[in-house]
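# Compute the structure for the input listed below.
(chains A, B, C and D)
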2 protein chains.
Amino acid sequence: MFSAMGTEPRLRIMQLLLTAHPEGLVVGDIQDELDIPNSTLSHHLDKLKSEDLVRVRRESTFLRYTANTQALQELLQFLYAECCTRNKALKPRDIVTLCR
Amino acid sequence: MFSAMGTEPRLRIMQLLLTAHPEGLVVGDIQDELDIPNSTLSHHLDKLKSEDLVRVRRESTFLRYTANTQALQELLQFLYAECCTRNKALKPRDIVTLCR
DNA sequence: TTCATATTTCTGCAAATATGGAAATATGAG
DNA sequence: CTCATATTTCCATATTTGCAGAAATATGAA
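Modelled structure (predicted):
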């Protein structure tokens, strides 16, 4: 997942899908927004899908992509655990500033 | 940074350095632990260093690498912000279970 | 059926990355 | 100085990745 998000176009796609969450976006909208050629975009979406970072469903002619929040949650939990729980390298308070 | 951590050997290096935090480890110790040829390991460490994920200091003949917790904190904050703050895709409570 | 639109697959190529053996460099001990 | 150890750099190779044009496929409307 780190690898899949480790490229600028794909990170931008994820950010875009998050801003559109939970409705998500159809491919054409992503294409218009990010200005990526269709075949290139398709490859990136495929990569994100294969890493389970996005979900797809068909709406007649369109394919609607949504961010897979479950996966992002796991990723965040993993990083949090490695840094804050398993090892005490970081203090939780330094991450989550709003906490009551 | 996602890209730098998106490869198995480098993620393992980061995990190892976190378990050894804050002392860190010298290259030889990492090599023994992960069983990676010296030149390959050197390349990976260089990549992590160039992404500012690790810090190095020389101890006579040895080079001691430590995880850069500042960078990890920023990474975690970024991901947290994208998922929980900027967009309400994830609930903070789902990440930070311990919060009082 | 034909047509138009949406999206993917095919194909190839260029660039980046991973890998590791061998040689080079750095440091300190004797 | 020489020697031994630690680590990097040099070099070549293999693999992966990014990119995008063109063709193929999917869907639905007329």
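# What residues does chain A have near DNA strand C?
Selection of chain A residues close to DNA strand C by C-beta under 7 Å from any atom of the strand yields A:26-28, A:31, A:38-39, A:41-43, A:45-46, A:56, A:61-63. Backbone N, C-alpha and C define where each C-beta goes, glycine included.
# mind listing which of those are in strands?
Counted as lying in strands by DSSP state E, out of the residues of chain A next to DNA strand C, are A:V26, A:V56, A:F62, A:L63.
# Rebuild these as JSON lines, extending it with distance to A:Q70 and neighbour count.
Compiled in JSON lines, these are given as follows (distance: C-beta to C-beta, whole Å; neighbours: other C-beta atoms under 10 Å in any protein chain shown):
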{"residue": "A:V26", "distance to A:Q70": "21", "neighbour count": "15"}
{"residue": "A:V56", "distance to A:Q70": "15", "neighbour count": "16"}
{"residue": "A:F62", "distance to A:Q70": "23", "neighbour count": "13"}
{"residue": "A:L63", "distance to A:Q70": "20", "neighbour count": "16"}
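# From those residues, pick the one nearest B:N87.
Ranked by distance to B:N87 (C-beta to C-beta), those are led by A:V26 at 18.5 Å.
# Could I get the ones in strands among the residues of chain A next to DNA strand C in a markdown table, plus columns for distance to chain B and pLDDT?
Shown next, in a markdown table, are these (distance: C-beta to the nearest C-beta, whole Å; pLDDT from 0 to 100):
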| residue | distance to chain B | pLDDT |
| --- | --- | --- |
| A:V26 | 18 | 96 |
| A:V56 | 17 | 96 |
| A:F62 | 22 | 95 |
| A:L63 | 20 | 95 |
